[in-house]
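Asker: have a look at this prediction, sequence included:
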Amino acid sequence: MFPEDPSPRYIPLKDGALEYYPSFFTSSEADSLRQQLLEQVAWKQESMTLYGKVVPFPRLMAWHGDAGSAYAFSGVTYQPQPWIPPLLEIKQRIEPVAGVTFNSVLLNLYRDGKDSMGWHADDEPELGRNPVIASVNLGAARRFMLRHRQDHQLKYALELQHGSLLIMKDQLQHYWQHQVPKTTRPLPSRINLTFRVIKKGNADTLQRKELI
Ligand SMILES: O=C(O)CCC(=O)C(=O)O
Ligand SMILES: [Fe+2]
């Protein structure tokens, strides 16, 4: 638990680093951004085919970004939705801290504690080597867990709270995986935004791995 401590926490890990800003947005800013995103984003439940069965993802999703940063997902190419004011507001606030200009954002809405995301790394080639990914959290605090790919005993977990910013960088995506596990605690919804830079060039699409 991180009570009202707005100061950033630099978390060095073996082969990677995290930077955590527990109260990057004030709680009233975070409340307002959360409400605007709940209302203005066209949240969708996508599905994937797993062993011949259509399995819905246990969360709702959306993709916004610069025109041209399309991404392919479960065999379908999605054009990003255009930027909307609450996303631009967040993007402008986080870019000076992240030190990069993002061209897209993946949005996930965890409706309650049963919604989740399984172990994965954001290591698609279109994100380039050692990508900087900025993760903004609005709503229920959820446990974000990391494990080293070569040694699953090497773990780290933190509770991402309302209004927080987590920056993942250096070699983190190469050496570590992360997940948001289900919880039986009755929780309100949570929005997570991961701002990314999709490299243009050979491929204009982000091939997002199918992950439950
Ligand atoms: O919801 C989170 O905190 C993580 C989301 C995530 O890992 C992703 O979108 O790749
Ligand atoms: Fe991720």
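Answerer: Received, thanks. Ligands and ions are numbered 1, 2, ... in the order given.
Asker: which residue packs closest to whichever residue of the chain sits closest to ligand 1, ignoring adjacent ones?
Answerer: Using C-beta to the nearest ligand atom, the closest approach of the chain to ligand 1 is made by Asn192 at 3.2 Å. Placement of C-beta: from N, CA and C, glycine included. The shortest distance from Asn192 to any non-neighbouring residue, by C-beta to C-beta, 6 or more residues apart in numbering, is to Asn108 (4.8 Å).
Asker: again with Ser27
Answerer: Using C-beta to C-beta, 6+ apart, the nearest residue to Ser27 is Gly163, at 5.8 Å.
Asker: show me the contacts for the one you found.
Answerer: Gly163 makes contact with 22-27, 29-30, 137-138, according to C-beta atoms under 8 Å, 6 or more residues apart in numbering.
Asker: please redo it, this time with the cut-off set to 6 Å
Answerer: 23, 25, 27, 30 (C-beta atoms under 6 Å, 6 or more residues apart in numbering).
Asker: let me have those residues in a markdown table, extended by secondary structure and neighbour count.
Answerer: Listed next are the contacts of Gly163 as a markdown table, based on DSSP: H, G, I helix; E, B strand; the rest coil; neighbours: other C-beta atoms under 10 Å:
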| residue | secondary structure | neighbour count |
| --- | --- | --- |
| Ser23 | coil | 19 |
| Phe25 | coil | 24 |
| Ser27 | helix | 12 |
| Ala30 | helix | 21 |
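Asker: check these against Ala67 and report the nearest one.
Answerer: Phe25 (27.2 Å; C-beta to C-beta).
Asker: for that closest one, list the residues it contacts.
Answerer: Applying C-beta under 6 Å, 6+ apart to Phe25 gives the contacts Gly163.
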